[in-house]
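Undergrad: Give me the fold of what follows.
(one chain, ligands or ions: 1)
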Amino acid sequence: MQRNVSTTVRVKLHSLTNRKSDMLAREYEAFQREVHGGDADLYSATKQQASKVQQQKDPNPDTEQPVVLRNDVLDIAHDKDTVLSSWWMKVPVYDPERGQGNSIWCPAHVPHKDETLVQEGDIRDSELVRRDGDWYVHLVVKRSVTIPDEYDDVLAIDMGARWVATCAFLSDRDTTFYGEEVRRLREHYKQLRKSIGKAKPRQGQQVVERIGDAEARKVDDRLHKIARHIVEDAEERNTVIVVGDLGGICRDNDKGRYINDKIHKMPFARLLNYIEYKAHGAGIDVVLVEEYDTSKTCNRCACEGVRETQGRFECPECGLDDNADKNGALNIGKRASGKFSKPLSEAGAVLAQPKTQVIVERDEEPANLSISVGSTPSGGTPRL
Ligand SMILES: [Zn+2]
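TA: This next block holds a predicted model:
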């Protein structure tokens, strides 16, 4: 089966002349005015996009919004013979000197692994983003991938605040917990930023920015490793990957405080992006399902359960007592199982001793892990 999938490639614009970077900054600021209800001179197609963002999202005044670049006025070209850069990106901007729309070609850096994709894929509407004084185009590339018609199993992923990803196979409930260290990393750097800000409020800013870069790199590296692990597991057992949609990963709608908190604290969208990228490269489909109620429903009897402590899920009906994130992941997997051509209604009926694995990658010994993973009780009935 062929499926169209989209991938976001982070293209950095570099070696910009003053004129070009001024024009980008001008367009960016004008876009901010327009999306916050003002009126500004913008490239006409971009102005339309700005009023769409304004109408659909009505963004908070103190947020910056990426400039939406329509795909028909955007272009990227590869020319290995140019000295300055082998990639060039055409960005539409309003040109105040000419009093009309114009385009500027900017030297661009496309990550090596994405070069083929950018050359062969179909460019969609993309975004111009400014970060720490640098310009990026988040280039959305659509391509067609071949994915199997049938799968042997479902690998369900629950993204959460405790573990960045809890992954469970639906057939035998093997569960792997990933990335508590991502949360720790973020907390560590948050504390560091705070203490620096207090000690040296003036000089602190630059240091804080450098710390931000170091954090981003470390977190990014962990996320790539986690995504690789997950996709390898899926490949090995010929599974489809199912991810609980937190409501903000793909859409911008506001679904209440808890969900927003979950999203803002952890880089879920990025992890999902990496998983999709690697999975599609391996010919594995990634399906999003609604996440509502998956954390409070018992995956065995579908009754409403209680979360006695943060990490445990207990069902008053059938007596299930298990790790809460694992219960959530299994519900996500079950919710999705109806969507596939091969019936998976029997999936989950296999009575197997679940194997629970914790993937922790950090320097020091992990503490308290045995508590949070919920190990299988010895001698008891095998848990479903
Ligand atoms: Zn139950």
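Undergrad: Please work out which residue of the stretch 51-200 of the chain is closest to the ion.
TA: residue 173 (14.3 Å; CB to the ion). Just so you know, the C-beta spots here come from the backbone N, C-alpha and C atoms, and that holds for glycine as well.
Undergrad: Got phi/psi on that residue?
TA: phi 60, psi 20 (degrees, to the nearest 10).
Undergrad: Break the protein down into its domains, please.
TA: Using automatic domain parsing, the domain parsing of the chain gives 2-146, 153-373.
Undergrad: pLDDT averaged over the first one - what is it?
TA: Averaged over domain 2-146, pLDDT sits at 93.
Undergrad: how much distance is there from that domain to the middle of the chain?
TA: Relative to its parent chain, domain 2-146 has a centroid offset of 20 Å by CA atoms, centre = their mean, to the nearest Å.
Undergrad: before we move on, what about the last one?
TA: Between the mean C-alpha point of domain 153-373 and the mean C-alpha point of its chain there is a distance of 11 Å (CA atoms, centre = their mean).
Undergrad: and the helix or strand harbouring residue 212, what does it pack onto?
TA: Secondary structure assignment for residue 212, by DSSP states H and E: helix 204-236. Applying 3 or more CB pairs under 8 Å, 6 or more residues apart in numbering; DSSP states H and E, one finds that helix 204-236 contacts strand 153-158, strand 165-169, strand 175-178, helix 180-199, strand 239-245, helix 268-281.
Undergrad: is it true that the residue of the stretch 51-200 of the chain closest to the ion touches residue 327?
TA: No: taking CB atoms under 8 Å as the definition, residue 173 is not a contact partner of residue 327, at 10.1 Å.
Undergrad: what's the neighbour count on the one residue in the stretch 151-300 of the chain that gets nearest to the ion?
TA: Per CB to the ion, residue 298 is where the stretch 151-300 of the chain lies closest to the ion, at 3.1 Å. Applying other CB atoms under 10 Å, we find 22 residues neighbouring residue 298.
Undergrad: What are the neighbouring residues in contact with the nearest residue to it once chain neighbours are set aside?
TA: Once flanking residues are discounted, residue 298 sits nearest to residue 315: 3.9 Å by CB to CB, 6 or more residues apart in numbering. Contact analysis of residue 315 by CB atoms under 8 Å, 6 or more residues apart in numbering lists 298, 300-301, 303, 305-306, 321.
Undergrad: same thing but at 7 Å, please
TA: Residues near residue 315 by CB atoms under 7 Å, 6 or more residues apart in numbering: 298, 300-301, 303, 305.
Undergrad: Out of those residues, grab the one that's most surrounded.
TA: residue 305 (25 neighbours).
Undergrad: any idea how far that one is from residue 282?
TA: Taking CB to CB, to the nearest Å as the measure, residue 305 and residue 282 are separated by 35 Å.
Undergrad: quick revisit: separation between the residue of the stretch 151-300 of the chain closest to the ion and residue 333?
TA: 14 Å.
Undergrad: Same check on residue 23?
TA: For residue 23, the distance to residue 333 - CB to CB - is 49 Å.
Undergrad: Can you verify residue 38 is assigned to a strand?
TA: No: per DSSP: H, G, I helix; E, B strand; the rest coil, residue 38 lies outside any strand segment and is coil.
Undergrad: how much space between it and the ion?
TA: 54 Å (CB to the ion, to the nearest Å).
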